[in-house]
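[1] Got a predicted model here, sequence first, then my questions.
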Amino acid sequence: MFGLTGISYKSAPLEIREKYSFTEEESLQFLRQLHIDPDLKGAVVLSTCNRIEVLFHYDVCCSDKAFDAILRNLEFFKKTDPAERSYFYQLEGEQATQHLFRVVSGLESLVLGEDQIVTQVKQGFKLSLDNDFSSSVLTRMFNKAFEAGKRVRTETAINQGSASISSAAVELLCQRIEGLENKNIMVVGTGVMGELALANLVKRNCSNIFITNRTHAKAIELARKHNITAFAMDELEAFLPQSDVVLVATGAQSHIITPPMVQKAREKDTRHQLYMDLSVPRNISKEIIQFANVELYAVDDLQEIVKETQNKRKEAVAEAMEIIGFVMQEFNDWLCALELTPSIMKIQKNMEAVNLSELEGFIRINGITENELISRYAEHISRKYARLFIRNLKSVTLNGKNKEYMDVVNRLFELQENNEQ
């Protein structure tokens, strides 16, 4: 069975989601931990600011046992309380497939139709695939999900208008700060989220921007591209007092902006400051709101901002679901055909066994010397009937879609074991 379990902005608040956030290295370690289980065929970890999900494929395992195994491993790895399982959703089979297709198409995003999720899903899938932690079923499922997502974005109006958390964050800044284009803005982080936010700020004619990153070369590269100023991460405290806006979007697992840092900045300059934290887990301590004239926003505060964009795009959801349904059917047809493979192999194997056994007995009973022509004819007949049975198998089961017939078919062809008794 294959399934999916996870949390998102719809099911869990930020303080819960940040506990389960994964870096790339942590994802790899967690996948190694999962694959100690010999029944696990494959798994993929997806970790973004708005969702943490584990997609998995078990060989022989009931759904309850599979979900419990994944969640127990997750709780052990993250050292979290089992009571928090109430925040997690669990989907299997077609429900899990549809959810993944919707995620990749942007239908499950905070900003409907946003593009950034595609890159994030591809990164999670590639990590699993490159380290042999995927399975043929998961690989096919993800590739079809990417196909569906591409079609949704090119054939519908799902991504018209502002299309990311970063653009929603800049929209909020414009609403909260008059004359944003004249303010000093610090951007910490040059990943996808930070770079998109920077691009949106430049579009709003903001030019007094200071950017930093742990990899200083990337900060310099973006500074040259947009004609702004780059500074080293260890100079952050020096730039903080002169900043009207501080936007942080990194993959750090702890606070980059702390209350003591803000307190020192406030002692040097008491200007109004707005802090925007787009990171999960949060990179700015929520305790900084104790200081006067300081505002703090995080990703969950952007939901009101995106409503206008959502309304414009909702009309495209029905078209998107039609596309998803079509591509899902292609995947399900492939999956059904794949499930016939063991039965087909059993038919072929058992027909070969009957041929060898009966031919040997026929030659012995009739006291004839083994003849190549007889052997070839017997082999020809067994293959002909095997093809006939396989054709009928596909017809009766509708190429594997009629699951109720599969057990009956498998029992009908338990010939090898019976012959050996």
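    Received it, and whenever you're ready, just let me know what you need. What you are looking at is a predicted structure, and each value in this text was computed from that prediction instead of being measured. Residues are numbered from 1 along each chain as shown.
[2] all strands for the stretch 151-300 of the chain, in order.
    Remark: strands assigned in the stretch 151-300 of the chain by DSSP state E, counting those that start in this stretch are 185-188, 209-212, 229-230, 245-248, 273-277, 294-298.
[3] Now tell me what touches the shortest one from outside.
    With contacts defined as Cβ atoms under 8 Å, 6 or more residues apart in numbering, strand 229-230 is touched by Ile209, Phe210, Ile211, Thr212, His216, Ala219, Ile220, Leu222, Ala223. Every residue, glycine included, has its C-beta placed from N, CA and C.
[4] can you pull the pLDDT of the fourth one?
    Per-residue confidence at Thr212 stands at 96 (pLDDT).
[5] Go ahead and confirm it touches Ala238.
    No - with contact defined as Cβ atoms under 8 Å, Thr212 does not reach Ala238; the gap is 10.8 Å.
[6] Check the separation of the first and last residues in stretch 171-186.
    16 Å (Cα to Cα, to the nearest Å).
[7] Kindly apply the preceding question to stretch 174-192 instead.
    Span of stretch 174-192 from end to end, Cα to Cα: 21 Å.
[8] Could you do stretch 10-21 as well?
    16 Å.
[9] farthest pair in the contacts of strand 229-230?
    For those, the maximum inter-member distance is 16.1 Å, found between Ile209 and His216 (Cβ to Cβ).
[10] higher neighbour count, the two?
    Ile209 (23 against 15; other Cβ atoms under 10 Å).
[11] Tell me, how many residues neighbour the closest residue to that one other than its chain neighbours?
    Among residues not flanking Ile209 along the chain, Ile228 sits closest, at 4.2 Å (Cβ to Cβ, 6 or more residues apart in numbering). Residues lying near Ile228 (other Cβ under 10 Å) number 20.
[12] who touches Lys144 in this structure?
    Phe101, Val327, Met328, Glu330, Phe331.
[13] Repeat that for Leu278.
    Cys49, Ile165, Ser166, Ala169, Met193, Gly194, Ala197, Leu247, Val248, Ala249, Ala298, Val299.
[14] Quick one: residues contacting the closest residue to Val280 other than its chain neighbours.
    Leaving aside its sequence neighbours, Val280 sits nearest to Cys49 (Cβ to Cβ, 6+ apart; 4.1 Å). Going by Cβ under 8 Å, 6+ apart, Cys49 touches Arg17, Ile165, Met193, Leu278, Ser279, Val280, Val299.
[15] Spell out the secondary structure type for Cys49.
    coil (DSSP: H, G, I helix; E, B strand; the rest coil).
[16] From Gly191, how far out is it?
    The spacing between Cys49 and Gly191, counted by Cβ to Cβ, to the nearest Å, is 11 Å.
[17] Nearest spatial neighbour of Tyr20, chain-adjacent residues omitted?
    Ile52 (4.5 Å).
[18] There's contact between Val246 and Val188 in this structure, I believe.
    Yes - using Cβ under 8 Å, Val246 is in contact with Val188, at 7.2 Å.
[19] Check the nearest residue to Ser285 once chain neighbours are set aside and give its pLDDT.
    Among residues not flanking Ser285 along the chain, His255 sits closest, at 4.7 Å (Cβ to Cβ, 6+ apart). At His255, the model reports a pLDDT of 95.
[20] what number of residues lie near His255?
    His255 sits with 19 neighbouring residues when counted by other Cβ under 10 Å.
[21] Find the centremost residue of this structure, please.
    Leu46 (3.8 Å; Cα atoms, centre = their mean).
[22] That one: what secondary structure?
    strand.
[23] Let me know the distance separating it from Glu315.
    If you go by Cβ to Cβ, the gap between Leu46 and Glu315 works out to 28 Å.
[24] do the same with Met328
    22 Å.
[25] Compare the two (neighbour count), which wins?
    Between Met328 and Glu315, counted using other Cβ under 10 Å, the more crowded position is Met328 (20 against 12).
[26] Secondary structure element holding that one?
    helix 317-365 (DSSP states H and E).
[27] Gln90 now?
    Per DSSP H and E: strand 89-92 holds Gln90.
[28] And that strand, what's buried?
    Across strand 89-92, burial judged by 16 or more other Cβ atoms under 10 Å covers Gln90, Leu91, Glu92.
[29] and if you look at stretch 125-139?
    Buried residues in stretch 125-139, defined by neighbour count with 16+ other Cβ under 10 Å: Phe125, Leu127, Ser128, Leu129, Phe133, Ser134, Ser135, Val137, Leu138, Thr139.
[30] can you list contacts of that stretch?
    2, 24, 27-28, 31-32, 34-35, 41-45, 55-57, 142, 335, 338.
[31] Relative to the whole chain's centre, how far out is it?
    Centroid separation between stretch 125-139 and its chain, computed with Cα atoms, centre = their mean, to the nearest Å, is 12 Å.
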